[in-house]
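**Q** I'll drop the sequence and a predicted model, then ask my questions.
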Amino acid sequence: MAYDVIHISMEKKEELVDRYSSQVLYEIKSDIYGCCIKLLTGIPSIKDAWEESFYSASQSIRSHGRLYVIRDVDVGENQVLYNPQSRTAFLINMDYYGWVKSLALSVAGDILEDYHNIYSVHGACLDMRGQGICILGGSGAGKTTHTYGLLRNPRVRVVSDDWFFGRIFGDDVLAYGSEKNFYIRADLAEIWKEFAGLVEKASFDSKGRAVVDLRQAIGKGRIMPLTTIEKVIFLKRDPEQEEIVLPLEGDRALAILEENGYYNPHLLVHNQFKANLRSRFFRTLFLRSRVIEVNTTGTPEETQRRILEILEEK
């Protein structure tokens, strides 16, 4: 992880608001799953990418959380200061929009888990004929590759490719998307040629990423607002492990998730209260779904066949 989160007091937050107010040329309010999160910045590229990423919110709604994305030559790169009381984050000299986007989702997640029993999942969520599929995994395991690989199948629809919100509803666990558009890598078409047209139209940033309207590649009807999760797939890449497909019991799945920080390096608050909330949610998710580990050491096509076999099983 290339940044740390430093918590600051309300007094420090007010000091920083005063210090950086002259930089704020744009104030954009966005709806992130019912939370009004406000971007304050003077950087046109950040403002444009943000508006492409998120649904807009009415300017008459008071914000629940705020992100200041600013420049300061007197401090280093990628500094994140966060005041939990006001849900205000200062992202200073942050050079990667993907982190800005994730931290906006994390501010909303901080609010939702405290007050609404709704939880952040840093993973992909797909739907195959009414069956919700959650895909989790660490960096390099192939989460993005196999999410888009599955979207080549016309029976598969997408809720989110990177981050969604989960809620326990009766006997089900529901997954909700919150982003309007998707943030893709420039090499997507090198892996799956079906997305070449989407990549050709995109304007990529210095990190080789772009916010795109995925509807241009898969159609409007295959973007879903929510689904019911029935299967969870953990992706890992371990050449020393012989098993390619390995069912996981709920306790083992939870232990893996906790050991890996819930596969979410963007969580803003870490304490025992938060850990209890998060683990309770994931424990319930794993009890109410089938959990399978898939080792992605084969070719992308080989792993895709294995995953589709899992999804076809009743």
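**A** Sure thing, it's come through.
**Q** where along the stretch 51-200 of the chain do the strands fall?
**A** 55-56, 65-70, 79-83, 88-92, 118-121, 124-128, 131-137, 156-160, 164-169, 172-176, 182-185 (DSSP state E, counting those that start in this stretch).
**Q** Quick one, which of those strands gets closest to residue 107.
**A** Distance to residue 107, taken as CB to CB, is lowest for strand 65-70 among the strands of the stretch 51-200 of the chain, at 4.0 Å. Quick note: C-beta positions are derived from backbone N, CA and C, even for glycine.
**Q** so the closest one versus strand 88-92, what angle?
**A** 20 degrees (axes from the mean of the first three to the mean of the last three CA atoms, to 10 degrees).
**Q** how far off strand 79-83 does strand 65-70 point, in degrees?
**A** Going by the same axes, to 10 degrees, strand 65-70 makes 150 degrees with strand 79-83.
**Q** which one is the residue sitting nearest the centre point of the chain nearest to, not counting chain neighbours?
**A** By CA atoms, centre = their mean, the mean C-alpha position of the chain lies nearest to residue 163, the distance being 2.3 Å. Nearest in space to residue 163, with sequence neighbours left out and distances taken as CB to CB, 6 or more residues apart in numbering, is residue 105 at 5.0 Å.
**Q** How about the contacts made by that neighbour?
**A** Applying CB atoms under 8 Å, 6 or more residues apart in numbering to residue 105 gives the contacts 32, 120, 163, 178, 179, 266.
**Q** I'd say residue 77 and residue 96 touch.
**A** No: look at residue 77 against residue 96 with CB atoms under 8 Å: they stay out of range, at 9.7 Å.
**Q** Spell out the secondary structure type for the nearest residue to residue 83 once chain neighbours are set aside.
**A** Counting by CB to CB, 6+ apart, residue 83 lies nearest to residue 13, which is 4.1 Å off, once chain neighbours are set aside. Three states are possible here, and by DSSP: H, G, I helix; E, B strand; the rest coil the one that applies to residue 13 is helix.
**Q** contacting residues around residue 13?
**A** For residue 13, the contact set (CB under 8 Å, 6+ apart) comprises 83, 86, 88.
**Q** hang on, the earlier thing: ok, the residue nearest to residue 163 to residue 98 distance?
**A** Computed with CB to CB, to the nearest Å, the distance linking residue 105 and residue 98 is 11 Å.
**Q** what do you get for residue 206?
**A** When distance is defined by CB to CB, residue 206 is 12 Å away from residue 98.
**Q** So which of these two has more stuff around it?
**A** Counted by other CB atoms under 10 Å, residue 206 and residue 98 do not tie: residue 98 has more neighbours, with 17 against 9.
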